[in-house]
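Asker: sequence and predicted structure are below.
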Amino acid sequence: MAEFTMELNDEQKEVRDWLHGFAADVIRPAAAEWDEREETPWPVIQEASKVGIYSLDFYAQQYFDPTGLGIPVAMEELFWGDAGIALSIVGTGLAAVGVLANGTEEQIGTWIPQMYGDPNDVKVAAFCSSEPDAGSDVGSMRTRAVYDEAKDEWVINGTKTWATNGGIANVHVVVAVVDPGLGSKGHASFIVPPNTPGLAQGQKFKKHGIRASHTAEVILDNVRVPGSCLLGGKEKLDERLARARERAKAGGERVKNAAMATFEASRPAVGAMAVGTARAAYEVALDYAKTREQFGRPIIDNQGVAFQLADMRTQIDAARLLVWRASWMAINGRPFTAAEGSMSKLFASETAKKVTAQAIQILGGNGYTREYPVERMHRDAGIYTIFEGTSEIQRLVIARTLSGLPIR
Ligand SMILES: Cc1cc2nc3c(=O)[nH]c(=O)nc-3n(C[C@H](O)[C@H](O)[C@H](O)COP(=O)(O)OP(=O)(O)OC[C@H]3O[C@@H](n4cnc5c(N)ncnc54)[C@H](O)[C@@H]3O)c2cc1C
């Protein structure tokens, strides 16, 4: 087990500086344009692909860093550049992780390369779990997958919503109900290959923030996929469902804990994205406060402004520490006895909202215009308290973990 450290080693510093350079030179200058266009920034994804930032290999390398700091450092730098563009770059990873977590080696080898494409023909992928009536309440999912034994095909019907890259993805990973009696334990994940009939994009959402990231409904109308598209395979699914039925009878505790551990491990990455956005806004505000003069002196000369900056920086550093702690725990298999992963996401996302709002205040009228980036950063920051579990759901998970009670 790696010791917990806050000191990046030389290799980590090199990766951080390289990503920071890409974020500063390529992402940040393109941010305002793609926010206005509300379109996927394909040329920036292509640029990221050319330099090696848009590939499974890169993220896998960061993930397996034994200190746990590889992913949070990468996310912080990319999202420091711009949240919408960075999500367009890392969004495919959601679907890739879905395949890595549940797929066979053959499925991983077949589908993940098709999710990313190559620098001359970049592709994206989508992970489709949320539905109009199943957001926080995943157990209410209705999208149904039924096995057609005669043809060895699965038939999927339903409507997914809020899917990042939904409808424009080359490969969609779709979560569907295979055993309605088992609630969320009766779900399975399927690959929907490129150009499969029956899959269509529904409404594309016009959003408050992260507007460079495509978010849409995905309609599945009698979508037929080969048996080989069930992630993990039929035999494993049947075994898992049989175990879930047994455990449901015995109270369901072990299954619940396994699912919780997965979220605890993935949530710090969202926390790191929030830290990146918060830091970006804080830096703009600090520079501005040092140069903007009112009453014959820089506005930072006033405690009313300087103390705000002190609070902003303190909260950002505290958020990063929580994120790094949880990331270290995840890679080293430490039990999340206080839901430390959820804690890091909760604190970092709320910090990003607060700090970006304070940055607007420090920039005064300029902060409220699109001439300066902080209003965009504030709009972007709103997403962190919503996706990968809302702040209320994080508090629920933390409270349940601490109390051992089924708090509602
Ligand atoms: C831009 C964007 C991108 C997304 N990308 C994806 C994606 O790629 N794939 C995907 O599957 N999903 C994605 N999502 C969906 C996201 O995960 C959901 O929006 C989120 O889980 C919340 O679900 P909901 O929007 O239905 O809100 P609801 O669950 O309806 O919640 C509404 C409000 O009620 C509160 N609430 C609900 N239940 C409780 C409770 N028990 N106790 C206290 N408060 C509660 C919530 O905290 C929230 O404040 C994305 C969403 C957005 C906005």
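Answerer: In hand now; what should we look at?
Asker: show the backbone phi and psi for the residue lying closest to residue 175 once chain neighbours are set aside.
Answerer: Counting by C-beta to C-beta, 6 or more residues apart in numbering, residue 129 is the residue found nearest to residue 175 once chain neighbours are left out, at 4.4 Å. To be clear about C-beta, it is placed using only N, CA and C from the backbone, and glycine gets the same treatment. Dihedral pair for residue 129: phi -120, psi -50, per degrees, to the nearest 10.
Asker: is it correct that residue 129 is in contact with residue 138?
Answerer: Yes. Counting by C-beta atoms under 8 Å, residue 129 touches residue 138, with 6.9 Å between them.
Asker: between those two, tell me which one has more neighbours.
Answerer: Counted by other C-beta atoms under 10 Å, residue 129 and residue 138 do not tie: residue 129 has more neighbours, with 21 against 16.
Asker: mind pulling up the pLDDT for that one?
Answerer: We have a pLDDT of 96 for residue 129.
Asker: same question, residue 76
Answerer: Per the predicted model, pLDDT is 98 at residue 76.
Asker: and what of residue 253?
Answerer: pLDDT at residue 253 comes out at 52.
Asker: now residue 250
Answerer: pLDDT at residue 250 comes out at 81.
Asker: which other helices and strands does the helix or strand harbouring residue 275 contact?
Answerer: Under the criterion of DSSP states H and E, residue 275 resides in helix 253-291. On a contact count with 3 or more C-beta pairs under 8 Å, 6 or more residues apart in numbering; DSSP states H and E, helix 253-291 meets helix 70-81, helix 83-90, helix 234-250, strand 297-298, helix 303-331, helix 340-367, helix 374-381, helix 391-403.
Asker: so which of these gets nearest the ligand?
Answerer: helix 391-403 (3.3 Å; C-beta to the nearest ligand atom).
Asker: now the closest one: buried residues?
Answerer: 391, 393, 394, 395, 396, 397, 398, 400, 401 (16 or more other C-beta atoms under 10 Å).
Asker: ok, the closest residue to residue 288 other than its chain neighbours - contacts?
Answerer: Of all residues not flanking residue 288 in the chain, residue 363 sits nearest, at 5.3 Å (C-beta to C-beta, 6+ apart). Under the criterion of C-beta atoms under 8 Å, 6 or more residues apart in numbering, the neighbours of residue 363 are 284, 285, 288, 292, 372, 374.
Asker: which pair in those spans the largest distance?
Answerer: Largest separation among these by C-beta to C-beta: 292 and 374, giving 13.1 Å.
Asker: compare the two (neighbour count), which wins?
Answerer: Comparing residue 292 with residue 374 by other C-beta under 10 Å, the one with more neighbours is residue 374, at 26 against 15.
Asker: what is the orientation angle of the worst-scoring helix or strand of the chain on mean pLDDT with helix 83-90?
Answerer: Least confident helix or strand, the chain: helix 253-291 with a mean of 87, by mean pLDDT, DSSP states H and E. In terms of direction (axes from the mean of the first three to the mean of the last three C-alpha atoms, to 10 degrees), helix 253-291 departs from helix 83-90 by 140 degrees.
Asker: buried ones in helix 253-291?
Answerer: 255, 260, 263-282, 284-286, 288-289.
Asker: now do stretch 295-308
Answerer: Buried residues in stretch 295-308 (16+ other C-beta under 10 Å): 298, 299, 300, 305, 308.
Asker: looks like the third one contacts residue 309 (just checking).
Answerer: Yes. Here residue 300 lies in contact with residue 309, judged by C-beta under 8 Å, at a distance of 7.1 Å.
Asker: now the common contact residues for those two.
Answerer: Common neighbours of residue 300 and residue 309 (C-beta under 8 Å, 6+ apart) are 286, 289.
Asker: now residue 188: phi and psi?
Answerer: Main-chain torsions, residue 188, degrees, to the nearest 10: phi -140, psi 160.
Asker: tally of neighbours for it?
Answerer: 22.
Asker: tell me how far it lies from the ligand.
Answerer: 15 Å (C-beta to the nearest ligand atom, to the nearest Å).
Asker: what sits against that residue?
Answerer: Residues near residue 188 by C-beta under 8 Å, 6+ apart: 145, 175, 176, 178, 230, 231, 232, 237.
Asker: shaky segments in the stretch 151-300 of the chain?
Answerer: 252-259 (pLDDT under 70).
Asker: tell me the residues on it that lie near the ligand, please.
Answerer: When proximity is defined as C-beta under 6 Å from any ligand atom, the stretch 151-300 of the chain approaches the ligand at 162, 163, 164, 207, 210, 215.
Asker: rebuild these as TSV, extending it with distance to residue 341 and neighbour count.
Answerer: Output for those, formatted as TSV (distance: C-beta to C-beta, whole Å; neighbours: other C-beta atoms under 10 Å):
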residue	distance to residue 341	neighbour count
162	21	19
163	23	28
164	20	24
207	26	18
210	22	29
215	24	23
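Asker: how about TSV for those residues, with secondary structure added?
Answerer: Formatted as TSV, those follow (DSSP: H, G, I helix; E, B strand; the rest coil):
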residue	secondary structure
162	strand
163	strand
164	strand
207	coil
210	coil
215	strand
